[in-house]
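Participant: Got a predicted structure plus its sequence, pasted below:
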Amino acid sequence: MEGYLQLFIASAITNNFVLTQFLGLCIFFGVSKNLNASIGMGMAVTSVMTLSSLLAWAVYTYILHPLGLQTLMLVVFVLLIASFVQLLEMIIKKHAPALYNMWGIYLVLIATNCIVLAVPVTNAELQSDFITSLVRSIGSGAGFALAIILMASLREKLQYADVPKSLEGLGISFILAGMLALSFFGFSGMITL
Amino acid sequence: MKNLWEIFYKGLFDQNPIFRLALSLCPALAVTSTVTNALAMGLSVMFVITTNNVVVSIFRNWVNPKVRVPVYITSIATIVTVVILTLQAYFPDLYKELYLYLNLIVVFAIILARAEVFAAKNSVVPSFFDGLGMGAGFAGAMVFIGAIRELFGSGTFMGVNILGSAYDPALIIVLPPGGFILIGLMIAGFNLIGEYQDKLKIAKQGSDV
């Protein structure tokens, strides 16, 4: 049990996907202009990442690995995740229109995002069992949500700041992300896996 | 011939994937802590983008537009698998360090974008040069960032000590936070150059009138 808690904190904070491994930067910088949008994005990424990595885990463990087809992993995972997200979008649109109005647009954006692909690949590489994979994907999703929500809160404040013209937009956002990464970096060494 | 050169050349500066289009920034930060890693990643991406452009261009008339994106993704994933297996066989150390990011080449926006924007509409030879130029622009930018980070962060270039023992390396530049800050400053620098060029242009137009 303690091991799982450690894994959760490690994948959410010390090995945070965005701030220490630079994954999902496109959506991290693209959506963090607005706090509400970034909360929606964080939730969408966490749920899609968890569901799709469990699906990928099942396919890898029960189909690819027994058949010795590990070389096909990448092709299978990419198509699996893309079609799963498409399916999820259709189901939500049909059965929960309110939810679709809130999250629908984010689902399309994350269908082929590196952060969603990274977790299944890591799970397969480390040959993790079911619960470990589950904890890792929830932890990574929570870490992403934390990072993007913090970033959005900072950027909303930044609108009132006087930024030099050439730094406006992406430049100052990167520097801000650097500061945020620095504070996350303070946790490193707290937990080692 | 001149046309092909132009197609190749635009990827290097005018439409540089990293600095101009701000696409595929993840790898630009993640694997540029040393020049060797940056070069390996850059060359892998260059190979994938060029091969994929050629494949997409060859099959462009047979692919139904409705299913084109899955077809492109399958093609990219296959080529990336070839690259990964090759690196695993011949450069096991590099493979271990870059493993995760090599897999993620599949979802790089720049590769899909070139297939969609260029290769799907042009014949094989121009598509090849487009891929080569974009790939070279990407690899060049990666090595450029990698060189700065390695030189100031650890005082070396491709593992060879350059700045000597008197230089006290600024470790932060190699670490993730420094990567973010450095890229932020570089983007600002490019913006500054762009603004300066615009100003020159306006001044020139003014004097013409």
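Facilitator: Arrived safely, thanks for sending.
Participant: For chain B, which helix extends over the most residues?
Facilitator: helix B:176-208 (DSSP state H).
Participant: Flag every buried residue along it.
Facilitator: Buried residues in helix B:176-208, counted by 16 or more other CB atoms under 10 Å in any protein chain shown: B:176-188, B:190-191. From N, CA and C alone the C-beta is placed, and that goes for glycine too.
Participant: Geometrically speaking, which residue is the centre of chain B?
Facilitator: A centroid search over chain B (CA atoms, centre = their mean) returns residue B:138, at 2.0 Å, as the residue closest to the centre.
Participant: so how far is chain A from that residue?
Facilitator: Residue B:138 is 15 Å from chain A, where distance means CB to the nearest CB, to the nearest Å.
Participant: picking up where we left off before, the buried residues of helix B:176-208: which ones sit near chain A?
Facilitator: B:176-181, B:183-185, B:187-188, B:191 (CB under 8 Å from any CB of the partner chain).
Participant: closest to residue B:33 among these?
Facilitator: Checking those against residue B:33 by CB to CB gives residue B:179 as the nearest, at 7.4 Å.
Participant: who's in contact with that closest one?
Facilitator: A:22, A:178, B:29-30, B:32-33, B:149, B:173 (CB atoms under 8 Å, 6 or more residues apart in numbering or on different chains).
Participant: which among those residues gets closest to residue A:126?
Facilitator: Nearest member of the contacts of residue B:179 to residue A:126, counting by CB to CB, is residue B:30, at 18.6 Å.
Participant: tell me which residues of the helix or strand harbouring residue A:6 are tucked away?
Facilitator: Using DSSP states H and E, residue A:6 sits within helix A:2-9. Using 16+ other CB under 10 Å as the test for burial, helix A:2-9 gives A:6-9.
Participant: Likewise for stretch A:146-165?
Facilitator: For stretch A:146-165, by 16+ other CB under 10 Å, it's A:146-152, A:155.
Participant: Could you dump those residues into a markdown table with pLDDT and distance to chain B added?
Facilitator: What follows is the buried residues of stretch A:146-165, written out as a markdown table (pLDDT from 0 to 100; distance: CB to the nearest CB, whole Å):
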| residue | pLDDT | distance to chain B |
| --- | --- | --- |
| A:146 | 90 | 16 |
| A:147 | 90 | 12 |
| A:148 | 89 | 14 |
| A:149 | 91 | 18 |
| A:150 | 90 | 14 |
| A:151 | 89 | 11 |
| A:152 | 90 | 16 |
| A:155 | 87 | 13 |
